[in-house]
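[1] Okay, structure incoming, though there's no sequence with it:
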């Protein structure tokens, strides 16, 4: 603005400029300033110390409750969700493979198919269908498991239709029945069993993920607990130096509550981790091996039957040599079975687990001898004698297969019970810890505030 013109004999007048208003302080800055001002007096310092102690103890209790709740929930999922679903997926695989074996045995019997063989097939199909229903109910929408279950639900009726056609033509004496059975077996071996195995793998991955959530130590909670104890100890030492009083009842109570929670957390989680690790080492590992061995025995039995159905129609070339495809696969399956039984025997930790596995090993040895004799008869053109040695009564390979299967079922039942006991103990070790930690933390915070309040009262 231009200056005011000067009067004659006077200096020009310059208008005054108003000073800028002071900047407004934020609430945070004002709070910091109040804390700083309070810290200059002993009562103010005591109030700050009380607030910090209460905050540390409450934070410790809250984080402990949160982390232990997550781990307890994961342990409960291991026991009641993921492991049963994993075993259920193995059961679906076993039922499908056994149904395929029963169907081929019934086909070989022709018009003399027994009611037991037919009932076994129908029971296996019903068990597989029921297992798929349970798996579908627990599958997450849009997950790979749901897609696999949908595929199996579509393939199962197709497989049943092929088996019924094979049976119908077989009763009428038409050779095309064998072609339908081989087509049904191909659908089972190349589509259904791989899908069931994929479902089993996915459920095992979910089980491993639940173990991964349940077993890690709650390091954040432990660190907060140690920090809270250190702060409480420092506060009591500070009080002692200023008053020569050894004990402050409120701070002692807060320290005791915090120490109890920390000890409960460390010991409880250590026991829980030990139980869960034991359920995996002495339960899940054995169960996985036993399931694989049982599946191998079922596949071996199916290939043994189909070798007599195909009668050399299916071949495979290995290292330049031609082999009967089903006999070749039988040998591979028996190798897998033998390795599985050896591993299961090593994993078993008591006689109740070892005994059925060793019995299955003895059954397998007899099975291999009888199979070799039946194969020799078949290769020499004695088809009926070979058939009798495979699906006949006493002394047939079917008797050995049934013994292997029943002994493996006993071993699986035992390991399942071992798993449930150990996993249940692990889950129970954390029972009450989340709620107990929260309650004790609140009591500890109250004790810390009361202890500091006692000191403050001396300044009034």
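    Nice, thanks for sending it over. Just so we're clear, the structure is a prediction, and the values are computed from it rather than from any experiment.
[2] Can you give me the neighbour number for residue 359?
    Neighbourhood size, residue 359 [other CB atoms under 10 Å]: 18. Any C-beta I mention is one placed from the backbone N, CA and C, and that applies to glycine too.
[3] Got phi/psi on residue 323?
    phi -130, psi 150 (degrees, to the nearest 10).
[4] per-residue pLDDT, residue 21?
    In this model, residue 21 is scored at 60, pLDDT.
[5] Secondary structure element holding residue 154?
    According to DSSP states H and E, residue 154 maps onto helix 144-171.
[6] Helix or strand next in line after that helix, which one?
    For helix 144-171, the following helix or strand on the C-terminal side (DSSP H and E) is helix 176-187.
[7] Mind listing what's buried along that next one?
    177-182, 184-185, 187 (16 or more other CB atoms under 10 Å).
[8] Return the list of helices and strands in contact with that helix.
    On a contact count with 3 or more CB pairs under 8 Å, 6 or more residues apart in numbering; DSSP states H and E, helix 176-187 meets helix 83-109, helix 144-171, helix 285-310.
[9] Would you mark the buried spots in the longest one?
    Counting neighbours by 16+ other CB under 10 Å, one finds that the buried residues in helix 144-171 are 145, 148-149, 151-152, 155-156, 159-160, 162-163, 165-167, 169-170.
[10] Could you do the first one as well?
    Residues of helix 83-109 classed as buried by neighbour count (16+ other CB under 10 Å): 83-108.
[11] continuing past that helix, what's the next helix or strand?
    Under the assignment DSSP H and E, the closest C-terminal helix or strand after helix 83-109 is helix 115-138.
[12] Show me what that following helix packs onto, helices and strands only.
    helix 83-109, helix 144-171.
[13] again, only using 10 Å
    In this structure, helix 115-138 packs against helix 83-109, helix 144-171, helix 193-214, with contacts taken as 3 or more CB pairs under 10 Å, 6 or more residues apart in numbering; DSSP states H and E.
[14] among those, which is nearest residue 395?
    Of all these, helix 83-109 sits nearest to residue 395, with 16.0 Å by CB to CB.
[15] Give me the angle between that closest one and helix 115-138.
    Put simply, helix 83-109 runs at 150 degrees to helix 115-138, going by axes from the mean of the first three to the mean of the last three CA atoms, to 10 degrees.
[16] Between helix 193-214 and helix 83-109, find me the angle.
    160 degrees.
[17] and helix 83-109 with helix 285-310, angle?
    On the basis of the same axes, to 10 degrees, helix 83-109 is oriented at 20 degrees to helix 285-310.
[18] what's the weakest-modelled helix or strand in this structure?
    In the chain, the helix or strand scored least confidently by mean pLDDT, DSSP states H and E is helix 27-38, which has a mean of 60.
[19] what's the offset of stretch 147-165 from the middle of its chain?
    Between the centre of stretch 147-165 and the centre of its host chain there is 28 Å, according to CA atoms, centre = their mean, to the nearest Å.
[20] gap between stretch 57-77 and the chain center?
    Relative to the chain's own centre, stretch 57-77 is displaced by 19 Å; criterion: CA atoms, centre = their mean.
[21] And stretch 408-420, by the same measure?
    Relative to its chain's centre, stretch 408-420 lies at 17 Å (CA atoms, centre = their mean).
[22] State the mean pLDDT of it.
    What stretch 408-420 shows for mean pLDDT is 93.
[23] likewise stretch 427-438?
    Averaging pLDDT along stretch 427-438 gives 91.
[24] Equivalent analysis for stretch 336-354, please.
    The average pLDDT for stretch 336-354 rounds to 92.
[25] Show me how far that stretch is from its chain's centre.
    Worked out by CA atoms, centre = their mean, stretch 336-354 lies 22 Å from the chain centre.
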